[in-house]
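Student: Return a 3D structure for these sequence lines:
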Amino acid sequence: MANDHGASLFESLEQMKEEIRDLRQELQEVKTELQEVKTELQDVKVELSEVRESMMNIRERNYLTFLRDHVTGFNRTHENCICILNSSEVHGGDALLDASMFLSRRNHFLEERRLFQRIYGLSAEKLQEFREFYLPNSREL
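Tutor: Predicted coordinates for the structure are as follows:
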């Protein structure tokens, strides 16, 4: 039989072992959560890289179009590049993103509402509903 002092020490050691076990469990949960966040950040990084590339294409097309319209001696090589860029993000269409843009910037133009629906076959509101239902975690740009 242990004396009261020994029993108290033993209880303290058991309590510390239990606290260490709990801390290890918490640490494992934090590591798992951290890995999930790292994966999510990697996905966002890929998305942002794609958005940046699209934006660069748009800016290049705008720059070349300005040169074509305002600089003498603009050559055919640039004109061909504009044609290629026209078929990319500039005029390629992104119905979900265009719906967000339309609802936030162009919604008050009634004639444009009809044109938008004619282009995409659905109203901007319906496309926004689609985005929210099928892509609930998508972020607005």
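
Student: How far off centre is stretch 88-105?
Tutor: For stretch 88-105, the separation from the chain centroid amounts to 15 Å (computed by CA atoms, centre = their mean, to the nearest Å).

Student: how about that stretch: buried residues?
Tutor: For stretch 88-105, burial by neighbour count (16 or more other CB atoms under 10 Å) applies to Glu89, Val90, Ala95, Leu96, Leu97, Asp98, Ala99, Ser100, Met101, Phe102. C-beta: built from backbone N, CA, C; applies to glycine.

Student: Glu129 sits in which helix or strand?
Tutor: For Glu129, the host element (DSSP states H and E) is helix 124-134.

Student: Quick check on Asn107: phi, psi?
Tutor: Per-residue torsions, Asn107: phi -60, psi -30 (degrees, to the nearest 10).

Student: Now do the strand or helix carrying Leu64: which elements does it pack against?
Tutor: For Leu64, the host element (DSSP H and E) is helix 4-70. Applying 3 or more CB pairs under 8 Å, 6 or more residues apart in numbering; DSSP states H and E, one finds that helix 4-70 contacts helix 76-85.

Student: Just the C-alphas of the helix it packs on, formatted as CSV.
Tutor: Taking Å, rounded to 0.1, in the frame of the first residue of the first chain, the C-alpha atoms of helix 76-85 are listed here in CSV:
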residue,chain,number,x,y,z
ARG,A,76,-0.7,41.7,-89.7
THR,A,77,1.0,39.6,-87.1
HIS,A,78,-0.8,41.6,-84.4
GLU,A,79,-4.1,41.4,-86.2
ASN,A,80,-3.8,37.6,-86.3
CYS,A,81,-3.1,37.6,-82.5
ILE,A,82,-6.2,39.6,-81.9
CYS,A,83,-8.3,37.1,-83.8
ILE,A,84,-6.9,34.3,-81.7
LEU,A,85,-7.5,36.1,-78.5
